[in-house]
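> test case, fold it:
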Amino acid sequence: MGLLQGKVALVTGGTSGIGRASAVLFAREGARVALTGRREDAGLAVVAEIEQAGGSAIFIAADLTRTEAIAAVIEQVAARYGRLDCAFNNAGVAGGGPIETLDEALWDRIIDTNLKAAFFCLQAEVAQMKRQGGGGAIVFNGSVLAKIAVPGTTIYSASKGGIVSLAQAAAVEFGPAGIRVNSINPSITRTPMTAGRITTDEQGIESHPYAVGIPLGRMAEPEEMAQVALFLLSDRASYVTGQALVVDGGQSAM
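As a prediction, this is how the structure comes out:
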């Protein structure tokens, strides 16, 4: 029996990278999966992959920076599957540069997607879980950059630091309702978002500016992050809440 057998799981930003890997894994572990994204073709491709493997999934096209879109997502999940048991609030964007070069438009794009949307997803998810009688699990996708400093990442780091604090505060507030809230905080992971800065040397060794000095000597794969999110959403983590689990190959220990 899978770790999410019989559960309904929502994955935001589920069309690529960590979100896609998580949607596929959650379905393989027995969940009925709803995934969101802005690219319908990519979302339907993930649904097809899940269904071909015998799972159940739906794609909901949504711009989560619009709060009314978030409410519509939860309504569609409940209409299709009748409930919501767990959610991986994974959707996010990157961007940065020297502080002196950054403008308000970039600030708004990153904060609105990474932090504001995550908050209102949490709000809507908890409301649905409470309507069902309480209980559930929510995981946010943060970043090791909430814990360590790298030049050129200030706005992104601020958004992910907010995610860590949001998850901890929500865990305290919703613990009495039986709703667990945690965050995973990855280091550099091989995704479409990071691919543009990956280089390969003459020996075929890959590198990325943010992967320097990782004790395990490599970037993470999306599936490795999906496995951690799966654990935190499953009943195996039934006494884990309010935690910011760093999944960084030892980078923050340096």
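> alpha carbons only for contacts and neighbour counts from here, please
OK.
> what about the stretch 51-200 of the chain, any weak spots by pLDDT?
Screening the stretch 51-200 of the chain residue by residue with the criterion pLDDT under 70, one finds the ranges 193-200.
> all helices of it, in order?
67-81, 104-111, 117-131, 154-174 (DSSP state H, counting those that start in this stretch).
> which stretch among those comes nearest Ala229?
Proximity to Ala229, assessed across the helices of the stretch 51-200 of the chain by Cα to Cα, is greatest for helix 154-174 (13.7 Å).
> for the closest one, packing partners?
With contacts defined as 3 or more Cα pairs under 8 Å, 6 or more residues apart in numbering; DSSP states H and E, helix 154-174 has these neighbours: helix 104-111, strand 136-141, strand 179-186, strand 244-247.
> so that helix versus helix 104-111, what angle?
40 degrees (axes from the mean of the first three to the mean of the last three Cα atoms, to 10 degrees).
> what angle sits between helix 154-174 and strand 179-186?
For helix 154-174 against strand 179-186, the angle by the same axes, to 10 degrees is 160 degrees.
> from the chain's centroid, how far away is stretch 43-52?
Distance of stretch 43-52 from its chain centroid, counting by Cα atoms, centre = their mean, to the nearest Å, is 19 Å.
> for it, which positions count as buried?
Of the residues in stretch 43-52, those with enough neighbours to count as buried (16 or more other Cα atoms under 10 Å) are Gly43, Leu44, Val46, Val47, Ala48, Ile50.
> center of the protein - which residue?
Taking Cα atoms, centre = their mean, the centroid of the chain lies closest to Asn90, which sits 2.0 Å from it.
> list the contacts for that residue?
Taking Cα atoms under 8 Å, 6 or more residues apart in numbering as the definition of contact, the neighbours of Asn90 are Val11, Thr12, Gly13, Gly14, Ile18, Gly19, Phe140, Asn141.
> not counting residues beside it along the chain, what's closest to it?
Once flanking residues are discounted, Asn90 sits nearest to Asn141: 4.9 Å by Cα to Cα, 6 or more residues apart in numbering.
> how much space is there between Gly6 and Gly37?
Distance, Gly6 to Gly37, using Cα to Cα, to the nearest Å: 24 Å.
> more crowded one of these two?
Gly37 (22 against 13; other Cα atoms under 10 Å).
> hang on, that one packs against Ala69?
No: with contact defined as Cα atoms under 8 Å, Gly37 does not reach Ala69; the gap is 11.2 Å.
> and for these two, which residues touch both?
Shared between the contact lists of Gly37 and Ala69 (criterion: Cα under 8 Å, 6+ apart) are residues Ala62, Asp63.
> thinking again about what came up before, residues contacting the residue nearest to Asn90?
Under the criterion of Cα under 8 Å, 6+ apart, the contact list for Asn141 reads Phe88, Asn89, Asn90, Ala91, Ile163, Ser183, Ile184, Asn185, Pro186.
> same question, Ala62
Ala62 sits next to Thr36, Gly37, Arg38, Ala69, Ile70, Val73 when contact means Cα under 8 Å, 6+ apart.
> give me the buried entries from these.
Burial by neighbour count, judged by 16+ other Cα under 10 Å, picks out Thr36, Gly37, Ala69, Ile70, Val73 from those.
> for the fourth one, which non-adjacent residue is spatially closest?
By the measure of Cα to Cα, 6+ apart, the closest residue to Ile70 outside its immediate chain neighbours is Leu64, 5.7 Å from it.
> now Ala34: which helix or strand?
Per DSSP states H and E: Ala34 is located in strand 32-37.
> paired strands for that strand, with orientation please.
The strands that strand 32-37 pairs with in its sheet are strand 8-11 (parallel), strand 56-61 (parallel) (by DSSP bridges).
> contacts for it?
Looking at strand 32-37 with Cα under 8 Å, 6+ apart, the contacting residues turn out to be 6-15, 23, 26-27, 43, 55-63, 73, 77, 81, 91.
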